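Chemist: coordinates only, no sequence provided:
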């Protein structure tokens, strides 16, 4: 079992890409694949449960007292990112569905696989884990405000708080509480230890399942709207490049150490596409293209994360570290 888990972890990035490609093929060829979108939230909740099990809650408490890192994450995601998102969204300002989808995904910082990718790059993943509930709560409160500023009253009218609050409950509160209970049980009973080991061993497979479910359920819609969506690729690529530079700069301004700066770079660049997708799917028919706008960002971002894992350690390193 340990050998299998080690093999999966060593090859996880390649396996994620395989899952995406396979999902694209199945989604484009299998009629009715879009019905799998109902499985997105359950699979994502399991992934987050396993993620929350990965770091002891004592470490989370310690990280929550790290005011400098939390301030850096907050400023980068809720002051800097909105300015960048607004500027990039001007390229699709004449297309309401594209505009709404771009803003919806770019204004919401990631709280799930960012932890995995930051860890792969030597970032302080436990600090991102501690910040996840705060990031989710902040985006629930601030997203309507930013949409009001950037789109107008019609943006707030269609972006109801209800679906986002539901996502916070199902994807943060429930998995986090369950993880805390399992860790408490594990201190006294072998059953808790077994659950911990099993879920942590399934991390790579759960990530693959999540990516497969999202892509397979939306591949048909992406294929049908490919011509309209191509304009989004340079926007999303530009966002990754700009936020990488700004994340490094913010790390220096806040005088963060190397692992924290790497984590900050990933936090600023990765978006909450998997969590906001259910919200996008609940939008009215006039914005029916918004979900595939979100999925397009996911696909671009995942390729970007492969590149980030390779190059962020070289861009953010101690002077004593060798250049990779």
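Modeler: Received it, and whenever you're ready, just let me know what you need. What you are looking at is a predicted structure, and each value in this text was computed from that prediction instead of being measured.

Chemist: hang on, residue 97 packs against residue 285?
Modeler: No: using C-beta atoms under 8 Å, residue 97 makes no contact with residue 285, being 10.0 Å away. Glycine gets a C-beta too; all of them are placed from N, C-alpha and C.

Chemist: more neighbours, those two?
Modeler: Neighbour tally, residue 97 and residue 285, criterion other C-beta atoms under 10 Å: the higher count belongs to residue 97, 20 against 5.

Chemist: residue 229 against residue 221, yeah?
Modeler: No: counting by C-beta under 8 Å, residue 229 sits too far from residue 221 to count as a contact (9.6 Å).

Chemist: what packs against the helix or strand hosting residue 304?
Modeler: Taking DSSP states H and E as the criterion, the element that holds residue 304 is helix 290-315. Secondary-structure packing of helix 290-315 (3 or more C-beta pairs under 8 Å, 6 or more residues apart in numbering; DSSP states H and E): helix 12-29, helix 96-106, helix 113-120, helix 203-224, helix 226-229, helix 232-253, helix 258-269, helix 273-281.

Chemist: so which of the ones you listed gets nearest residue 162?
Modeler: Nearest to residue 162 among the helices and strands packed on helix 290-315 is helix 273-281; the distance by C-beta to C-beta comes to 9.5 Å.

Chemist: which helices and strands does that closest one pack with?
Modeler: Other helices and strands packing on helix 273-281, by 3+ C-beta pairs under 8 Å, 6+ apart, are helix 40-53, helix 96-106, helix 161-168, helix 203-224, helix 290-315.

Chemist: between the shortest one and helix 273-281, how many degrees?
Modeler: Helix 161-168 and helix 273-281 are oriented at 150 degrees to each other (axes from the mean of the first three to the mean of the last three C-alpha atoms, to 10 degrees).

Chemist: winner for burial among the helices and strands packed on helix 290-315?
Modeler: Greatest average neighbour count among the helices and strands packed on helix 290-315 goes to helix 258-269 (a mean of 27), per mean count of other C-beta atoms under 10 Å.

Chemist: mind checking the pLDDT average for that one?
Modeler: Mean pLDDT, computed over helix 258-269, is 97.

Chemist: helices or strands up against it?
Modeler: Helices and strands touching helix 258-269, by 3+ C-beta pairs under 8 Å, 6+ apart, are helix 67-75, helix 113-120, helix 125-150, helix 232-253, helix 290-315.

Chemist: show me how far it is from its chain's centre.
Modeler: 13 Å (C-alpha atoms, centre = their mean, to the nearest Å).

Chemist: could you do stretch 286-305 as well?
Modeler: Relative to its chain's centre, stretch 286-305 lies at 12 Å (C-alpha atoms, centre = their mean).

Chemist: what's the closest of the helices and strands packed on helix 290-315 to residue 149?
Modeler: Nearest to residue 149, of all the helices and strands packed on helix 290-315, is helix 96-106, at 10.1 Å by C-beta to C-beta.

Chemist: so which elements touch that closest one?
Modeler: Partner elements for helix 96-106 (3+ C-beta pairs under 8 Å, 6+ apart): helix 81-89, helix 125-150, helix 153-158, helix 232-253, helix 273-281, helix 290-315.

Chemist: ok, which of those comes nearest residue 18?
Modeler: That would be, of those and by C-beta to C-beta, helix 290-315, which comes in at 11.9 Å.

Chemist: for the protein, name the helix or strand with the lowest mean pLDDT.
Modeler: helix 57-64 (a mean of 64; mean pLDDT, DSSP states H and E).
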